[in-house]
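Enquirer: sequence and predicted structure, then a few things I'm wondering about:
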Amino acid sequence: MPEVIVVGGGVCGLFCSLVLAKLGVDVTVFEEHERIGVPSHCAGHLSIRSLEKLGVYPLPRKIVENEYRGAAFYSSTGRSFEVEFSSPVTCAVNRTLFDNQIAKRAAEAGARIQLGTRVKALIVEKGFAKGVIINRYGKRERETANVVIDAEGISCRILRQAGLRGLDASMVVNGVSAEVDRAADVNEEFVEVYFGAAYAPGFYAWLMPRKDGTAKIGLAAKRENPNEFLEKLMRKHPVASKKLSKAKITRKAFHPITLGGPIPKTFTNGFLAVGDAASQVKPTTGGGVILGMNCARIAAETAYKALCNNDFSETMLSEYERKWRKLFGFDLWVMLQLRKAFEKLSDKQIDKLILECRKLELQKPLRRFRDIDLQGTSLAKLLWHPSILSFGLYLMLQILGSKTFNFKNRT
């Protein structure tokens with residue numbers, strides 16, 4: 001009998017098992033797919049600083065596809081704004097290889113990873129999670145544990161069986177990630193972001209060049225088929241279409257993305273939820289790898305403390321939520337407000353905002369914005385910069401629908 005069961009062999013579940021195994025905990029991971037990291041749904045755009053803090057960077061060369069020191073933002077009309085840093089701040093990783101790297105380290109530390117094993121149901125006895133019912137190669141089995149950690153992803157099936165409320169379905173967008181065989185006239189050190197309701201309604205599109213001339217592209221949309229928007233982006237966007245005019249898609253995957261902020265409660269008796277299952281995802285970008293891995297580490301440490309005290313009550317396990325909310329709560333709240341504000345803007349207003357960014361030379365203060373995962377904290381540090389204040393006021397007026405205010409005479 002394992003002491004802890006982890007449901008899901010994605011990066012959050014694997015990292016959780018790695019931390020647990022290093023602490024000497026008997027842990028088993030159940031993953032329904034036959035291979036780790038397959039299918040891959042994520043573009044793998046990650047903060048280098050955050051990976052370093054997690055102790056997983058630098059990575060082997062074959063895993064890191066590129067490093068980026070800047071970003072270019074485009075409106076639906078092709079108007080652009082760039083932010084450039086003196087050194088790389090983010091990287092693109094091969095998610096399949098990245099996940100396998102974490103899995104390898106977890107297994108070496110002593111974690112058992114059971115592939116091809118689907119968790120069918122949560123075992124609940126006297127109000128406590130006590131294990132799971134699994135289906136392994138057509139055979140139904142019962143596995144018990146002191147703590148169950150749910151890293152199943154966005155489906156929230158096991159989460160609901162634990163009696164916890166799932167993510168905000170109204171804030172879920174449909175994403176598509178793809179790879180293309182070529183991209184012309186791109187700066188390989190820059191990520192490109194494309195806005196516009198005609199191409200990515202309610203979200204944005206991205207292009208991440210690789211060093212070999214290929215690229216990752218993708219987008220998410222709040223309505224309709226994201227695949228149709230991707231084709232439109234590649235063929236009709238005034239900038240992206242030129243860069244991708246000769247490109248052919250070599251791989252494509254579809255996936256939902258939660259943007260509504262974390263679920264109200266991530267713990268109960270004998271049970272913790274991490275990653276996408278807990279909606280621990282940045283509402284601004286849909287990125288959840290770094291947040292999820294950090295929360296997975298806290299979950300592992302909390303489970304270890306519960307085992308040491310032989311106390312698996314929600315009172316004991318509530319420490320998990322207190323810690324991760326203390327670490328990320330403010331930033332997630334700020335990002336959620338930014339997401340809601342962004343969704344109120346029209347393409348014309350976004351076009352004006354990009355022009356205003358250039359007028360205000362916003363790239364100068366934003367060069368100090370290096371932590372893309374703690375966006376609220378990073379913005380708070382820049383809040384009193386004159387250009388940031390001016391832009392904030394301009395954004396607020398745009399949201400309120402003002403058409404008369406301008407900054408031509410600002411000092």
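Expert: It's in.
Enquirer: what segments of the stretch 101-250 of the chain are helices?
Expert: Across the stretch 101-250 of the chain, reading from the start of the chain, the helices by DSSP state H, counting those that start in this stretch fall at 157-161, 226-236, 240-243.
Enquirer: same question but for the stretch 251-400 of the chain, I mixed them up
Expert: Ranges of helices within the stretch 251-400 of the chain are 289-309, 314-343, 347-359, 363-366, 375-382, 386-400, based on DSSP H, counting those that start in this stretch.
Enquirer: residues of the last one that come out buried?
Expert: The one in question is helix 386-400. By 16 or more other C-beta atoms under 10 Å, the buried positions in helix 386-400 come out as 387-388, 390-391, 394-395, 398. Glycine gets a C-beta too; all of them are placed from N, C-alpha and C.
Enquirer: contacts for that helix?
Expert: Outside helix 386-400, the residues that touch it by C-beta atoms under 8 Å, 6 or more residues apart in numbering are 341, 344-345, 349, 352-353, 356-357, 360-362, 364-365, 379, 382-383, 405, 407, 410.
Enquirer: hmm, which of those are the buried ones?
Expert: If you count burial by 16+ other C-beta under 10 Å, the buried members of those come out as 345, 349, 352-353, 356-357, 360, 362, 365, 379.
Enquirer: closest to D371 out of those residues?
Expert: Comparing these against D371 with C-beta to C-beta places L379 closest, at 10.1 Å.
Enquirer: tally of neighbours for the nearest residue to that closest one once chain neighbours are set aside?
Expert: Residue nearest to L379 in three dimensions, not counting chain neighbours: V334, with 6.6 Å by C-beta to C-beta, 6 or more residues apart in numbering. The burial count assigned to V334 is 19, neighbours taken as other C-beta atoms under 10 Å.
Enquirer: tell me who's in contact with V334.
Expert: V334 touches 375-376, 379-380, counting by C-beta under 8 Å, 6+ apart.
Enquirer: would you mind measuring from L122 to H33?
Expert: The spacing between L122 and H33, counted by C-beta to C-beta, to the nearest Å, is 20 Å.
Enquirer: pick out whichever of those two has more residues nearby.
Expert: A direct count of neighbours by other C-beta under 10 Å for L122 and H33 places L122 higher, at 23 against 15.
Enquirer: roughly how far does the more buried one sit from V4?
Expert: Distance of L122 to V4, computed by C-beta to C-beta: 14 Å.
Enquirer: Q363 now?
Expert: Relative to V4, Q363 is positioned 46 Å away (C-beta to C-beta).
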